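*Asks:* what's the 3D shape of this:
(one chain, ligands or ions: 1)
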Amino acid sequence: MHPALVRLGIGRQWRKFGAPFYLSRAAGAEKALKKQTVIAIALQLALAVAACAQTRDAGLPHLERRGHATQLIVDGKPFLILGGEVHNSSSSSVDYMRPIWPRLAAMHLNTVVIPVAWETIEPEEGRFDFQVLDGLLQAARANRLHLVLLWFGSWKNTYSSYAPAWVKQNEQRFPRVQMSDGRGTERLSPFSKAVCTADATAFSRLMRHLHTIDGEQHTVLMVQVENEVGVIPESRDHSAAANQAFAGQVPAALTRYLSDRRSTLNPELRSVWESAGAKTSGTWQQVFGSAPITDDLFMAWQYASSIQTVAAAGKAEYPLLMYANAALVRPNYQPGQYNSGGPLPHSIDIWKAAAPSLDLLSPDIYFNEFALWASSYTRPDNPLFIPEAQSGATGAANAMYAFGELSAIGFSPFGIDDENNEPLDLVGITVPGERPDSKAIASAYAELANLSPMLLDAQRAGNVRAGLIEGEAQRAARVRIGDYTANIVRSAAQSSARIGVLFLQSGPDEFLVTGVGDAQVSFTSDTPGPPIVGIESIDEEFFHDGHWTPGRRINGDESAHGQALHIHAGDLLAGCIYRVRLYRYH
Ligand code: DGJ
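*Replies:* So this is what the prediction gives:
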């Protein structure tokens, strides 16, 4: 008997249910009584099933709005994903991954973002093989790492190269995206029901298996459904089914969504829709105009709808968090030059309307303008998770910004299994060698791991901010926190290295400050009170045995005689953070 049933005290009814009381030939009153009993039992059973489900899923990773932030809750506690994504082919071999896991753990990752390929789990239709996945899961657990799984199903970077051979070889059954001249492409069409059904079947079996092997332990935190979908080199699918849909009406569910949320729509989407008259019905070109962006929005609806079916089938087996990721757009690229239909900022609302089973939409950010891209995915209905990003010092600075300024739930540089991502030395202090960037992620993650209880509290309380200086043109960044403004400049004006500085407010006039790069931070204030801000003190602190312990008092030459805090590129390698106290005078 399940403990939940015992708790509910329905053991006797269970036994009764097993007895042949419902076969009784008793008369009217007795019948009515039995009817009532059956209803009561059915109700209690329903309650018991719900209770079982609750018991089973109590610690299931989920999102929760807490104070100022939406946080990822794992086994009941807020959690920051300090992640890294391995190369596409690494996870196809348990042996290949064996030496990599301990290295990633030594880099202070707590989560590895890792592909699961359709062709691997369903090599023949209906025959499922989860041996590789089981091996990966075991190894992750042995190294105390969580996983985010990437479902490389029908689509990976627009292509369908991870579909099993039995799908690839059957063009009749599984039609492709077609070019306007009728040629096929190596991309399954999102307009094909057969594609969607086969993918959803495989994905639901994956999730069922995951539930069996991980439903209690929660090694896997989230699942990405497909990877960087969209069409290239043309802006839309021209298969017969696609043409028919394009000539048809925009689904009412979409126009209703646009009308209901008009004031909070992505500004670009809103302007495209409003420029075409903000219509609530019509064909795609009537509702969104005849520019190429309409093809993009049309494909977005279709990819999202197809992925909704896949995600919902998976969630029916095991309701883990799910998301889709976007390849971003290079400047001046047109739909089809970039992945047309992906969950880009201007399509987030379309994806939200079509795919409610996706908990979030995520950017893969390799370009400059990190702050801009990351901000456009940070919305009240979409907490920020960055599954792919640059590594090295640039990545480390971006991570500081994402967690500090945008309350990201996770960050994950791509190609984390590369040789040039190294763990810290055992002593924790390293003289930068030929590859000064190589320990940047490890040292930033070490610091963020030590800070994470404070950082998570501060995200909730709204007591954390971060500044980012990126690109050659940007010389300074300003961050407002509490009553103060922190003014960040590069120490070496000629450098173009990225700077990321994180500020945690620990008191009205006190901050913990850490960062990536060589920078100087001075402070000002425009709130009522004495107008000039002075630095009362700066203390180094290091994390030892679970506590922050003081190092040097920084003053004199090292603080420009109390005028600025200096952040050094080597600080993170040394595990140093600064406690800065400010005061004000006339
Ligand atoms: C983006 C893709 O999503 C990744 O799987 C990987 O292929 C990288 N690009 C390579 O840079």
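*Asks:* mind checking pLDDT for the spatially closest residue to residue 458 that is not a sequence neighbour?
*Replies:* What sits nearest to residue 458 in space, not counting adjacent residues and going by CB to CB, 6 or more residues apart in numbering, is residue 464, at 3.8 Å. All C-beta atoms are positioned from the backbone trio N, CA, C, and that covers glycine. If you check residue 464, the pLDDT there is 98.
*Asks:* surely residue 464 touches residue 505?
*Replies:* Yes: assessed by CB atoms under 8 Å, residue 464 is found in contact with residue 505 at 7.1 Å.
*Asks:* what helix or strand is residue 468 located in?
*Replies:* strand 464-469 (DSSP states H and E).
*Asks:* following that strand, which helix or strand comes up?
*Replies:* strand 476-481.
*Asks:* partners of whichever helix or strand comes after that next one in the sheet?
*Replies:* Next in sequence after strand 476-481, counting helices and strands by DSSP H and E, comes strand 484-490. The pairing partners recorded for strand 484-490 under DSSP bridges are strand 476-481 (antiparallel), strand 519-524 (antiparallel).
*Asks:* hey, what's the spatially most central residue of the chain bridged with?
*Replies:* What sits nearest the mean C-alpha location of the chain, by CA atoms, centre = their mean, is residue 385, with 2.8 Å. Beta-bridge partners for residue 385, by DSSP bridges, are residue 410.
*Asks:* quick check: pLDDT value at it.
*Replies:* We have a pLDDT of 98 for residue 385.
*Asks:* from the chain, which residue is nearest to the ligand?
*Replies:* Here the chain gets closest to the ligand at one residue, residue 228, 4.4 Å apart by CB to the nearest ligand atom.
*Asks:* that residue contacts residue 342, doesn't it?
*Replies:* Yes: proximity of residue 228 to residue 342 meets the contact threshold set by CB under 8 Å, at 6.3 Å.
*Asks:* what touches both of those two?
*Replies:* Overlap of the contact sets of residue 228 and residue 342 (by CB atoms under 8 Å, 6 or more residues apart in numbering) consists of 326, 327.
*Asks:* for those two, indicate the residue with more neighbours.
*Replies:* Set residue 228 next to residue 342 and count neighbours by other CB atoms under 10 Å: residue 342 wins out with 30 against 21.
*Asks:* show me the contacts for the residue nearest to the more buried one when sequence neighbours are not counted.
*Replies:* Nearest-residue entry for residue 342: residue 230, 3.8 Å, with adjacent residues in sequence omitted and distances by CB to CB, 6+ apart. Applying CB under 8 Å, 6+ apart, we find residue 230 in contact with 158, 299, 303, 327, 338, 339, 340, 341, 342.
*Asks:* so what's the last one up against?
*Replies:* Residues in contact with residue 342 (CB under 8 Å, 6+ apart) are 228, 229, 230, 300, 303, 326, 327.
*Asks:* mind checking which of those land in helices?
*Replies:* Those of those mapping onto helices are 300, 303, per DSSP state H.
*Asks:* among the contacts of residue 342, name the ones in strands.
*Replies:* Taking DSSP state E as the definition of strands, these contribute 326, 327.
*Asks:* so residue 71 sits against residue 63, correct?
*Replies:* Yes: counting by CB under 8 Å, residue 71 does reach residue 63; the two are 7.1 Å apart.
*Asks:* what do these two both touch?
*Replies:* Listed as contacting both residue 71 and residue 63 by CB under 8 Å, 6+ apart are 383, 409.
*Asks:* more neighbours: which of the two?
*Replies:* More neighbours surround residue 71 than the other of residue 71 and residue 63, with 21 against 17 (other CB under 10 Å).
*Asks:* contacts only, for the more buried one.
*Replies:* Residue 71 neighbours (CB under 8 Å, 6+ apart): 63, 64, 78, 79, 383, 407, 409, 456, 459, 460.
*Asks:* wait, a strand at the first one?
*Replies:* Right, residue 63. Yes: under DSSP: H, G, I helix; E, B strand; the rest coil, residue 63 sits within a strand.
*Asks:* re the thing from before, any idea how far the residue of the chain closest to the ligand lies from residue 481?
*Replies:* Residue 228 sits at a distance of 35 Å from residue 481 (criterion: CB to CB, to the nearest Å).
*Asks:* in terms of secondary structure, what does the helix or strand containing residue 446 contact?
*Replies:* If you go by DSSP H and E, residue 446 is part of helix 440-461. Helices and strands touching helix 440-461, by 3 or more CB pairs under 8 Å, 6 or more residues apart in numbering; DSSP states H and E, are strand 69-74, strand 77-79, strand 81-85, helix 392-405, strand 499-507, strand 510-516, helix 571-574.
*Asks:* and the third one with strand 69-74, angle?
*Replies:* Same thing as strand 81-85. Angle of strand 81-85 versus strand 69-74, following axes from the mean of the first three to the mean of the last three CA atoms, to 10 degrees, is 70 degrees.
*Asks:* from the chain's centre, how far out does whatever helix or strand comes next after strand 81-85 sit?
*Replies:* Next in sequence after strand 81-85, counting helices and strands by DSSP H and E, comes helix 94-97. Distance, stretch centre to chain centre, for helix 94-97: 25 Å (CA atoms, centre = their mean, to the nearest Å).
*Asks:* which parts of helix 94-97 are buried?
*Replies:* 94, 97 (16 or more other CB atoms under 10 Å).
*Asks:* contacting residues around it?
*Replies:* Residues from elsewhere that reach helix 94-97 (CB under 8 Å, 6+ apart): 86, 90, 91, 132, 135, 136, 139.
*Asks:* if we use 10 Å, what do you get?
*Replies:* Outside helix 94-97, the residues that touch it by CB atoms under 10 Å, 6 or more residues apart in numbering are 86-87, 89-91, 104, 112, 114, 131-140, 417.
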